[in-house]
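Student: Okay, structure incoming, though there's no sequence with it:
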C-alpha cells in the first residue's frame, strides 16, 4: 500500500514548482521588456536619427557621447528618446548611458557627413552662442541637464563664440571643450568680464580649421 504522506509531499512539491514557474514567467518577461533598445540610422541628408526605447524608465537622464561631444538628454513619459543629430565627419561611434545600462552603435557611413566645430561644457551656463555668418549652432542637451553642447557645420566663414555677461556669469571663469572634425578636443577657458559690464556680450573668434 503506497505511503500517502509521500504521495502528498510529491504533489505539494509539484504544486510549488508550478507556482514558482508561473511567478518567474512574468518577472522574466518584464526584465526582457525593460532591457531597452537603441537604433541609429541615416535620416535626411546630413542627419542621423536616434531612437532610444527604455519602456520602464520615464523621464530618465541619458548621458550621450557623440564621438567626443558630450551632453545629457531625457526620456519622455513613455521612456522614449528621439533625436535628430547632424551627421559629423570623423565621428564613427555613439554611446549612451542611462542608470546602469550602456548602449552603443556605429554611426552610419555617408558622403553627407559635414566638417564641424563644436563646444561642450558642464557648468550651469545657458547663454552660449556659436555662429558663423547667418548659421547658428544646433543646441544639444536637455534644458537643466549637464553637460550641454553646441554643434556648428563649418562653412568657411569666421566662427564666433558669444557669451553674454549677466548677473549669473559676470566675473566667472567658464571652462569649455572645443571640438573640430578629425582633431582631439581642446580645453578652452574663458574669463567673463566683471559685473559692472552686465548686459554686454563677450565675442571670441574661433578658427574652425584649428
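Tutor: Structure's in. What do you need? All figures in this text were calculated on a predicted structure; none of them were measured in a lab.
Student: any idea which helix or strand comes after the helix or strand of the chain with the lowest mean pLDDT?
Tutor: The weakest-scoring helix or strand in the chain, judged by mean pLDDT, DSSP states H and E, is helix 4-33 (a mean of 51). Following helix 4-33 in sequence order, the next helix or strand is strand 37-42 (DSSP states H and E).
Student: who's in contact with the closest residue to residue 155 other than its chain neighbours?
Tutor: Of all residues not flanking residue 155 in the chain, residue 132 sits nearest, at 5.3 Å (Cβ to Cβ, 6 or more residues apart in numbering). Any C-beta I mention is one placed from the backbone N, CA and C, and that applies to glycine too. Listed by Cβ atoms under 8 Å, 6 or more residues apart in numbering, the contact set of residue 132 reads 152, 154-155, 157-160, 208.
Student: Report the secondary structure state of residue 204.
Tutor: Secondary structure state of residue 204, per DSSP: H, G, I helix; E, B strand; the rest coil, is strand.
Student: Now do the phi/psi pair for the spatially closest residue to it that is not a sequence neighbour.
Tutor: Once flanking residues are discounted, residue 204 sits nearest to residue 161: 4.5 Å by Cβ to Cβ, 6+ apart. Main-chain dihedrals, residue 161, degrees, to the nearest 10: phi -110, psi 120.
Student: Switch the contacts of residue 132 over to JSON lines; also include secondary structure and pLDDT.
Tutor: JSON lines is the format used below for these (DSSP: H, G, I helix; E, B strand; the rest coil; pLDDT from 0 to 100):
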{"residue": "152", "secondary structure": "strand", "pLDDT": "96"}
{"residue": "154", "secondary structure": "coil", "pLDDT": "91"}
{"residue": "155", "secondary structure": "coil", "pLDDT": "82"}
{"residue": "157", "secondary structure": "coil", "pLDDT": "88"}
{"residue": "158", "secondary structure": "coil", "pLDDT": "92"}
{"residue": "159", "secondary structure": "strand", "pLDDT": "95"}
{"residue": "160", "secondary structure": "strand", "pLDDT": "96"}
{"residue": "208", "secondary structure": "coil", "pLDDT": "80"}
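Student: In PyMOL, select just the buried ones from those.
Tutor: If you want just the buried ones from the contacts of residue 132 in PyMOL, going by 16 or more other Cβ atoms under 10 Å, the selection is:
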select buried, resi 152+154+159+208
